[in-house]
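>>> below is the sequence, then the predicted model.
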Amino acid sequence: MIINIARKELKSLFASPMGWIILALLMFGFGFLYLDGVNKYFEVMSGSIRPAERQGITIFVGQNVYGAANFLMTVAIPILTMRLISEERRSQTLPFLFSAPISLTEIVVGKFLGMVIFLGILVLYIFIMLSSMNIWADIDFGYLIGNSFGLMLLIGSFCALGIYFSSLTSQPIIAAISTFIALFAMVIFGNFTASDPTHWFNHISMSKHFQSFTRGVIDTSDVVYFMLFIVTFITLTIRRLDSDRLTG
Amino acid sequence: MAVSTLQAINLSRNFGGNHAVSDVSFNLEKGEVLGFLGPNGAGKSTTMRMLTGNLAPSDGSVQICGFDMVNEPKKAKEMIGYLPEMRPLYKELTVDEFLTIAARFHKVESSKISKAVEVAKDKCGLGHMSKRLIENLSNGYQQRVGIAQAIIHEPEIVILDEPTVGLDPIQIREIRNLIKEIGKKHSVILSTHILPEVEMVCDRVQIIDKGSLVFNGSIDDLKQQRRGNKLLVGFTKTPTKKVLTEISGVTQVDILDNAMCRIHFKEKYLPAEEIVALAVKNKWGLFHIAPDITSLEDIFVQLTQIKK
């Protein structure tokens, strides 16, 4: 049943130009970063003579692409997630879901999954794009897989937050703005205490946890952090919808 | 022996301190069309939302074919098709896409979905609209899609909240026929504040006012209340009251301002023929004679004001 909700969500995304445009813009953005990375690589490496200064092309280009992902996603995800629940609230289609034999958990998880699958297309595209370097160079696929996994987790967390804000209001625009502010805060959080790496801010900052993935490290504590983040906001969304039923 | 498919037991719902619905109990039997009648804000929609599990009752319970809405919501909801007052349509999809999704959500087996969609479209006269975006359909057709969505999984109970609101007279007639058709196979609950509609479509009527039931009976009971033993007669040369009162069976004569007389008579008498005979004989110029029916509105007003 979860998968049916996800399918419906995907169908709605692709039924309007919105989904296509966002996907196209994001692909353009990442494609540009990739091209920029490759160009810069040759510039920088031709200047570095000593072997210690040299760096593999996978990490160099990869960091250029994945490193910017959290900022690109901060802008794109609120626009995608804003309508998940608030649009249904506004056009009064929630009773359609509530009176079908589907639990609230299935509804919320299904919507979340639909969104993650949609953006998964993008992660796959980035992976294929970076793999194309393998034609000229020997690239580190482990690094790419680690990064893709990290990016999926980041996208998942952003979507979970987005769906929660979307459930709070019946105005998609308000949902988008508040999601954007919250995500932006999560992302720049860590920069305030950059000088002190042991500060507790760093433990809750999303960009800090994402950074270890962009270095190619899959750290279980980072995975747990993202998982907890997702579960928390999904649960809050379910609670929010349940309170609709209870309080009217 | 009638089987009851839906039971509402002492349903109550408060919003803040307001009692939107208080202590409403009723049964719905298999194959019955139940009309739910009440003025605006009487609690019709709130009751329907509780019956379909969209709103948790403050008190009381709902049993759908023996499944409790609170304890086994999935099983209970499988038995219900619901069309809320604001029809829940995904307007960016086509009719076929939307109905397929509705079928999937209501657990129609995947091999039977396309058949179910065809059948529902057929019943609601949507065959030629399959590929159209719901957004581009007229009001009446959107309403049909709403109804198709509610019957796609062949539910035991179909609940329609004001299905004819905002439609033109032809569409209303079509929707009514559709509801009658649905009522042959499924139990239907229909809420409305349009009185004649109830008489045309329903087997049984419930009138709700200020959150509580004020009338619950068959449509014949309601009709009986309407008829009474009265005739409305019109003459161009109105005879005196006395002459009319002398006709056998007549108990009372009221002369109305528009040259009409209301003639009350005893049970089992039918003075119409005698009145006509006298009118012809005395050249009273009879131009109208008909049973005087209390309008449904009057009964409705009477019933809803009893409690005041």
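The structure has been received and is ready for your questions.

>>> give me the contact list for the helix or strand residue B:215 falls within.
Secondary structure assigned from DSSP states H and E places residue B:215 in strand B:212-218. Contact partners of strand B:212-218, identified using CB atoms under 8 Å, 6 or more residues apart in numbering or on different chains, comprise B:21-26, B:203-208, B:222, B:303-304, B:306-307. C-beta coordinates here come from the backbone N, C-alpha and C atoms, glycine included.

>>> tell me which strands that strand pairs with, and in which orientation.
Sheet pairing of strand B:212-218 (DSSP bridges) gives strand B:204-209 (antiparallel).

>>> give me the contact list for the strand it pairs with.
Contacts for strand B:204-209 (CB under 8 Å, 6+ apart): B:21, B:24, B:26, B:32-39, B:42-44, B:47, B:198, B:213-219, B:222, B:300, B:303-304, B:307.

>>> hey, which helix or strand in chain A has the poorest pLDDT?
When the helices and strands of chain A are scored by mean pLDDT, DSSP states H and E, helix A:201-204 comes last with a mean of 73.

>>> among the contacts of strand B:204-209, the buried ones, what's the PyMOL command?
Listed next is the PyMOL selection for buried residues among these, using 16 or more other CB atoms under 10 Å in any protein chain shown:
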select buried, chain B and resi 21+24+26+32+33+34+35+36+37+38+42+43+44+47+198+213+214+215+216+219+222+300+303+304
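
>>> among the contacts of strand B:204-209, which ones are in strands?
Of the contacts of strand B:204-209, the ones assigned to strands by DSSP state E are B:21, B:24, B:26, B:33-37, B:213-218.

>>> and the furthest pair within those residues?
B:21 and B:218 (23.0 Å; CB to CB).

>>> tell me the domain ranges of chain B?
Residue ranges for the domains of chain B, per automatic domain parsing: B:4-225, B:228-297.

>>> helices along the chain, start to end?
All of this is about chain A. For chain A, applying DSSP state H gives helices covering A:2-15, A:17-47, A:57-67, A:69-81, A:83-90, A:94-98, A:104-131, A:141-168, A:172-188, A:201-204, A:206-214, A:220-247.

>>> other chain: chain B
Using DSSP H, helices in chain B cover B:44-51, B:73-78, B:95-105, B:113-123, B:139-151, B:169-185, B:195-201, B:219-227, B:241-245, B:272-282, B:296-305.

>>> any idea of the angle the longest one forms with helix B:139-151?
Between the axis of helix B:169-185 and that of helix B:139-151 there is an angle of 10 degrees, by axes from the mean of the first three to the mean of the last three CA atoms, to 10 degrees.

>>> quick check: residue A:71 vs residue A:169, distance?
According to CB to CB, to the nearest Å, residue A:71 stands 25 Å off from residue A:169.

>>> for residue A:214, that is, sorry about that
Residue A:214 is 33 Å from residue A:169, by CB to CB.

>>> residue numbers of chain A in contact with chain B?
Within chain A, the positions near chain B by CB under 8 Å from any CB of the partner chain are A:1, A:4-5, A:7-8, A:11-12, A:15-16, A:91-103, A:245-246, A:248.

>>> one step back: and which of the ones in strands among the contacts of strand B:204-209 is nearest residue B:157?
residue B:34 (9.8 Å).

>>> more neighbours, residue A:214 and residue A:169?
residue A:214 (24 against 18; other CB atoms under 10 Å in any protein chain shown).

>>> on that earlier part again, worst average pLDDT in the helices of chain A?
Of all these, the minimum mean pLDDT falls on helix A:201-204 (a mean of 73).

>>> with only the CA atoms kept, save that one in PDB.
Taking C-alpha atoms only, helix A:201-204 is exported to PDB below (Å, rounded to 0.1, in the frame of the first residue of the first chain):
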ATOM      1  CA  PHE A 201      26.800  22.300  17.500                       C
ATOM      2  CA  ASN A 202      28.900  20.200  15.200                       C
ATOM      3  CA  HIS A 203      27.100  17.100  16.400                       C
ATOM      4  CA  ILE A 204      23.700  18.300  15.300                       C
END
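
>>> tell me the one of the ones in strands among the contacts of strand B:204-209 nearest chain A?
residue B:21 (11.1 Å; CB to the nearest CB).

>>> the closest one contacts residue B:10, doesn't it?
No - shown here, residue B:21 and residue B:10 do not form a contact pair, counting by CB atoms under 8 Å, at 10.3 Å.

>>> near chain A, anything from stretch B:139-159?
Yes - using CB under 8 Å from any CB, stretch B:139-159 reaches chain A at residue B:149.

>>> quick check: mean pLDDT of that stretch?
On average, stretch B:139-159 scores 88.

>>> pull that stretch out as PDB, backbone CA atoms only.
Extracted in PDB, the C-alpha atoms of stretch B:139-159 (Å, rounded to 0.1, in the frame of the first residue of the first chain):
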ATOM      1  CA  ASN B 139     -19.100  20.600 -12.500                       C
ATOM      2  CA  GLY B 140     -21.600  17.800 -13.100                       C
ATOM      3  CA  TYR B 141     -19.100  15.500 -14.600                       C
ATOM      4  CA  GLN B 142     -16.600  16.100 -11.800                       C
ATOM      5  CA  GLN B 143     -19.400  15.100  -9.400                       C
ATOM      6  CA  ARG B 144     -19.800  11.900 -11.400                       C
ATOM      7  CA  VAL B 145     -16.100  11.200 -11.100                       C
ATOM      8  CA  GLY B 146     -16.600  11.700  -7.300                       C
ATOM      9  CA  ILE B 147     -19.400   9.200  -7.200                       C
ATOM     10  CA  ALA B 148     -17.500   6.800  -9.400                       C
ATOM     11  CA  GLN B 149     -14.600   7.000  -7.000                       C
ATOM     12  CA  ALA B 150     -16.900   6.100  -4.100                       C
ATOM     13  CA  ILE B 151     -18.400   3.000  -5.800                       C
ATOM     14  CA  ILE B 152     -15.300   1.600  -7.600                       C
ATOM     15  CA  HIS B 153     -14.600  -1.100  -5.000                       C
ATOM     16  CA  GLU B 154     -18.200  -2.200  -4.800                       C
ATOM     17  CA  PRO B 155     -18.500  -1.200  -1.100                       C
ATOM     18  CA  GLU B 156     -21.400  -2.300   1.100                       C
ATOM     19  CA  ILE B 157     -22.100   1.200   2.100                       C
ATOM     20  CA  VAL B 158     -22.000   4.400   0.000                       C
ATOM     21  CA  ILE B 159     -22.000   7.700   1.800                       C
END
